[in-house]
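Enquirer: Provided below for reference: sequence and predicted model.
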Amino acid sequence: MSKNIISDKNTKKILYTGSFKFPNKDAAALRVHAIAKIFLSLDNNYDVSFAGWESFSQNNPYYEYDGFKCYSQSELSPHKGFKLFKPIRSFFRGSKTFKWTLKQEKFSTIILYNPPAFFSILMLFYSKISQKNLILDCTEWYEYKHLPGGRYGLAALEVFIRMRVVYPFFKNIICISRFLDHYFKNKNTVIIPPLHLKTEKPTPKLLDKDLNFIYAGSAGKKDQLAYLIKTLLSINTIKGHKIKIHIAGPDKFNFSTATEDINLESHNQVILHGLVSKVKLEELYSQAHFSFFLRENKRYALAGYPTKGIESLSHGTPVITNNIGDFGQLLSEQPNSILIDDNVSKENLKLKLEKIIQGNN
């Protein structure tokens with residue numbers, strides 16, 4: 001952690017807030033919790049509290065977790081009413097947190113995790129007036145066409161304003177990638193990559209008859225799901241282990257759309273689980289020898305880290321993917337993970353898998 005971002009002796013009381021569901025309901029919550037631990041390791045006098053945007057627990061917005069004081073803001077709770085108003089409500093998300101923050105004089109430093117544009121503007125004005133230290137934690141830059149409404153929708157407009165207009169006004173910024181660090185090069189920045197990974201990875205013991213692969217998440221075309229599945233199916237077996245492909249997330253219709261002409265009925269090696277609970281997903285990861293996906297060489301992939309990749313590594317499951325952005329550098333340090341070309345050949349991938357299996361048996 002850069003001492004330039006928080007250096008004044010009067011900045012010991014820190015509030016971490018923004019679009020995460022504390023304590024462990026999404027990957028964002030795991031990140032902010034890990035960063036808070038860094039502050040405590042630097043100085044025992046740091047006092048970090050969280051105002052996550054998760055729903056209240058049993059009508060009580062206050063709770064404690066791992067020694068941290070937590071104040072749920074319920075900003076991300078589902079709203080009833082017309083769907084037409086949902087994008088508008090999202091645009092003004094953070095208003096409740098801002099009103100609550102005005103009453104919290106004890107915090108001298110406030111960290112905002114991927115805050116919406118409107119909330120960011122409010123907090124920038126507030127920090128200027130109150131002389132509070134304000135820090136941005138920026139971990140992504142969404143591809144406009146991937147957002148609801150597409151490239152010209154309200155969500156895309158909000159992200160454009162956020163990234164191009166509002167975020168450059170922050171002086172102190174925590175970046176997740178070198179790409180974002182370069183984008184904010186004239187600011188006071190520090191790069192903190194994903195931290196919630198297991199330090200000791202279990203070595204996969206491929207002793208069963210099946211070699212299990214998993215794809216977990218929404219089956220978007222950006223992951224080039226069809227190509228990798230076809231390649232794995234064409235390999236069929238590795239060192240006598242039959243390849244089984246587990247798909248968690250998309251239903252049959254979405255899977256068929258994303259995977260073009262793959263006929264599920266003719267491939268009993270593909271097991272489609274559909275939407276699964278967190279417990280079931282952890283079970284699938286524990287049984288999987290590899291997870292897999294590919295990413296496009298575009299800004300969204302360069303700016304951030306793939307959630308499904310970090311989730312896989314956090315469960316000790318090696319990843320097969322292409323070398324895009326900082327995730328490729330992180331993956332090169334992970335045991336048994338494989339970096340491949342976008343159009344990896346059947347022979348090349350088979351050789352890589354055989355080498356890993358040979359080394360683990």
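Expert: Perfect, thanks for sending it. Residues are numbered from 1 along each chain as shown.

Enquirer: any idea where the strands of the stretch 201-350 of the chain begin and end?
Expert: 210-216, 237-238, 241-248, 270-274, 290-292, 319-322, 338-340 (DSSP state E, counting those that start in this stretch).

Enquirer: give me the below-cutoff pLDDT ranges for the stretch 251-361 of the chain.
Expert: 251-266, 359-361 (pLDDT under 70).

Enquirer: what's near enough to touch the residue most central in space within the chain?
Expert: Centroid check for the chain by C-alpha atoms, centre = their mean gives residue 307 as the closest residue, at 3.6 Å. If you count contacts by C-beta atoms under 8 Å, 6 or more residues apart in numbering, residue 307 has them with 27, 217. For every residue, glycine as well, the C-beta is placed using N, CA and C.

Enquirer: buried residues in stretch 98-106?
Expert: Using 16 or more other C-beta atoms under 10 Å as the test for burial, stretch 98-106 gives 98, 101.

Enquirer: what's the span of it from first residue to last?
Expert: 15 Å (C-alpha to C-alpha, to the nearest Å).

Enquirer: my guess is residue 62 contacts residue 73. True?
Expert: No. Judged on C-beta atoms under 8 Å, residue 62 makes no contact with residue 73 at a distance of 11.2 Å.

Enquirer: more crowded one of the two?
Expert: residue 73 (25 against 10; other C-beta atoms under 10 Å).

Enquirer: now that one: how far from residue 33?
Expert: 16 Å (C-beta to C-beta, to the nearest Å).

Enquirer: and the residue in the chain sticking out farthest from the centre, how far from residue 37?
Expert: Taking C-alpha atoms, centre = their mean, the residue of the chain most remote from its mean C-alpha position is residue 240, at 35.3 Å. Residue 240 sits at a distance of 44 Å from residue 37 (criterion: C-beta to C-beta).

Enquirer: for residue 130, which of the strands of the stretch 201-350 of the chain is the nearest?
Expert: strand 210-216 (42.6 Å; C-beta to C-beta).

Enquirer: strands paired with that closest one, and their directions?
Expert: strand 241-248 (parallel), strand 290-292 (parallel) (DSSP bridges).

Enquirer: could you measure residue 247 against residue 338, distance?
Expert: On the measure of C-beta to C-beta, residue 247 and residue 338 end up 19 Å apart.

Enquirer: between the two, which one's more packed in?
Expert: Using other C-beta under 10 Å as the criterion, residue 247 and residue 338 rank with residue 247 on top: 26 against 20.

Enquirer: if we can go back for a sec, what's the most buried one of the strands paired with strand 210-216?
Expert: Mean neighbour counts were compared across the strands paired with strand 210-216 using mean count of other C-beta atoms under 10 Å; the top stretch is strand 290-292, at a mean of 25.

Enquirer: mind checking how far it is from the chain centre?
Expert: Remark: strand 290-292 is offset 16 Å from the chain centroid, using C-alpha atoms, centre = their mean, to the nearest Å.
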